[in-house]
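Student: model this:
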Amino acid sequence: MSHTRLEPIHDSPPKLGDVIVLLIRAGVLVCLVASVSLALHSTFSKPDRWFPLPEHIRTVQNASVIDNGPTNISHILFGIAGSANTWHDRINYSMLWWNPNTTRGFVWLDKRPRILHADTSIPYQISQGWTRFRHVHSASAVRIARIVYESFKLGLPKVRWFVMGDDDTVFFTENLVTVLGKYDHNLMYYIGACSESVEQNVMHSYNMAFGGGGFAISYALAAQLAKIMDGCLKRYFYFYGSDQRVWACVHEIGVPLTREGGFHQFDIRGNPYGILAAHPLEPLVSLHHLDQLHPLFPNQTPIYSMKKLISAYSIDPARIVQQSFCYDHNRGWSISISWGYTIQIYTTLLIAADLQMPLQTFHTWRSWKDGPFTFNTRPMSSDPCQKPALFFLDNVTNGRSGSVTTYKRYEGKEAKCKTEDINHAKVQKIKVSALKLDPEYWKNVPRRQCCKLMNGGSIKDGSMHIRIRKCRLQETITI
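Tutor: Alright, predicted model coming up:
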């Protein structure tokens, strides 16, 4: 029997092409499995689990959705525009309204200030990344425009509104809360006011919120601005101011200005008395350019004047500088009250349309002219017998449900009326009593309140008493 010899078998090495094919097949299989898993997971779970937002954005978004109660001061993050050179002098304005226990925010500076202030002042942040932007007029305008973006980027929780202002802006925060409380922070809002001066609006825009008077941006809008801000600033390098740059970026998103007349840019020169003595029927929210204007109270400093006004505001925030007027028919007087600030007595009977029109005690911002302004004014008469007798706030006391304010006669250096029968010369002090005005008053269509001369308008020891009250249903203010 013969046996066939078996030769050993030698395996040849695999070809390179076969290896590549195997790797491609394996890769395709892995991608297929991953795609199916991703599709299933996307169907039955939230999409942001796969591609999460930055943690600070998620935190604020979740807080905004969960907390839909009434807006309060803790929901506002202030971004105050300042510089290391001006902050030391202007910090006194901020300390008038800043409360370290309730208010949140920062003053944004270009560098570390020379002097560090007490813990009661606004904390500061140093602006970053602004020097790389091209500009024609001012590098600081670019820096300040980015405050909205940098404030948003901080990612602080439960922020509903980003409120911008200058370091010489005084905010009336309770009224600011009242105004913003009318709007839904989950929607895109851009809230503020234009300039008082037509020439300023023509130069910049009637549809822009002027930054010195302050403006508010809702969280929803700030989230969109943060995405486009830097690219937008590159496009608008030729604009003059920071507020104009922000306005341009907001309009690229398609959001118009929501106007609130209580934000006061005060683009005026001279004495702001006429505006505050006949304030529009809106809550006072802010005042700007106070160091560029005459003090609100005669023969006082700007800071002292603001402290005086705030002493009344702190007792009845919603009522501050709200105008009421009434008539003394026996004497033929017209009386206009700007609560917490001033009273005017005219010895003639003026119609309501005139009394609610501001006396022009000021000029335009750029040209120092008599106008035009974005509201009507009436001229100050050169006849001393036609000018009103002026009274300014002297004292304010708080009661259980209301307040009593007293106003002292102001004797200026102007020429005096020589007519002997001007009886208002006998009045040296006026006492005004009023119930506290509910902030909810501003959520409905407002109506100017009425005033009444007490004790038949009698003058005793140079003093008279007036009461401000809600107008009755059928009551009208008539001569």
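Student: who's in contact with stretch 263-271?
Tutor: With contacts defined as C-beta atoms under 8 Å, 6 or more residues apart in numbering, stretch 263-271 is touched by 192-197, 200, 209-210, 212-215, 272, 275, 284-290, 292-294, 361-365, 368, 373. The way it works is simple: take the backbone N, C-alpha and C, and place the C-beta from them, glycine included.
Student: and stretch 444-461, by the same measure?
Tutor: 281-282, 322-326, 328, 330-331, 335, 337, 356, 426-427, 432, 437, 464-472, 475, 477.
Student: confirm that Phe133 sits in a strand.
Tutor: No. With the criterion set as DSSP: H, G, I helix; E, B strand; the rest coil, the secondary structure at Phe133 is coil rather than a strand.
Student: mind listing what it touches?
Tutor: Applying C-beta under 8 Å, 6+ apart, the residues contacting Phe133 are Ala139, Val142, Asp230, Leu233, Lys234, Phe237.
Student: state the pLDDT value of it.
Tutor: What the model reports for Phe133 is a pLDDT of 84.
Student: also the one 3 residues further on?
Tutor: Looking at Val136, its pLDDT reads 82.
Student: that one and Ile477, how far apart?
Tutor: Using C-beta to C-beta, to the nearest Å, one gets 52 Å for the distance from Val136 to Ile477.
Student: which residue ranges make up the domains of the chain?
Tutor: Split into domains by automatic domain parsing, the chain comes to 59-264, 317-469.
Student: save those domains as JSON lines, and put in distance to Met306 too.
Tutor: Putting these into JSON lines (distance: least, C-beta to C-beta, whole Å) gives the following:
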{"stretch": "domain 59-264", "distance to Met306": "5"}
{"stretch": "domain 317-469", "distance to Met306": "11"}
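Student: residues of the host helix or strand of Cys232 that come out buried?
Tutor: Element membership for Cys232, per DSSP states H and E: helix 219-235. Buried positions in helix 219-235, judged by neighbour count with 16 or more other C-beta atoms under 10 Å: Tyr219, Ala220, Leu221, Ala222, Ala223, Gln224, Leu225, Ala226, Met229, Asp230, Cys232, Leu233.
Student: neighbour count: Val136 and Ile477, which is higher?
Tutor: Each of Val136 and Ile477 has its neighbours counted (other C-beta atoms under 10 Å); Ile477 has more, 17 against 9.
Student: count of neighbours near Pro256?
Tutor: For Pro256, the neighbour count with other C-beta under 10 Å is 11.
Student: which one is it nearest to, not counting chain neighbours?
Tutor: Asn207 (6.8 Å; C-beta to C-beta, 6 or more residues apart in numbering).
Student: in contact with that neighbour, which residues are there?
Tutor: Applying C-beta under 8 Å, 6+ apart to Asn207 gives the contacts Cys194, Trp247, His251, Pro256, Leu257.
Student: in a markdown table: the residues you listed, plus secondary structure and distance to Arg378.
Tutor: A markdown table is the format used below for the contacts of Asn207 (DSSP: H, G, I helix; E, B strand; the rest coil; distance: C-beta to C-beta, whole Å):
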| residue | secondary structure | distance to Arg378 |
| --- | --- | --- |
| Cys194 | coil | 22 |
| Trp247 | helix | 32 |
| His251 | helix | 35 |
| Pro256 | coil | 32 |
| Leu257 | coil | 28 |
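Student: with distance to Val404 and pLDDT added, can I get those residues in TSV?
Tutor: Listed next are these as TSV, based on distance: C-beta to C-beta, whole Å; pLDDT from 0 to 100:
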residue	distance to Val404	pLDDT
Cys194	37	96
Trp247	44	96
His251	48	95
Pro256	43	97
Leu257	39	98
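Student: quick one, which of the contacts of stretch 263-271 are buried?
Tutor: Among those, the ones that count as buried by 16+ other C-beta under 10 Å are 192-197, 200, 209-210, 212-215, 272, 275, 284-290, 293-294, 361-365, 373.
Student: mind listing the residues bridging to Thr404?
Tutor: Not Thr; residue 404 is Val. Thr397, Ser433 (DSSP bridges).
Student: pretty sure it sits against Ile430.
Tutor: No. Here Val404 lies out of contact with Ile430, judged by C-beta atoms under 8 Å, at a distance of 11.0 Å.
Student: who's more crowded, the two?
Tutor: Ile430 (23 against 16).
Student: which residues sit in contact with that one?
Tutor: With contacts taken as C-beta under 8 Å, 6+ apart, Ile430 has the following neighbours: Ile343, Phe391, Thr406, Tyr407, Ser463, Met464, His465, Ile466.
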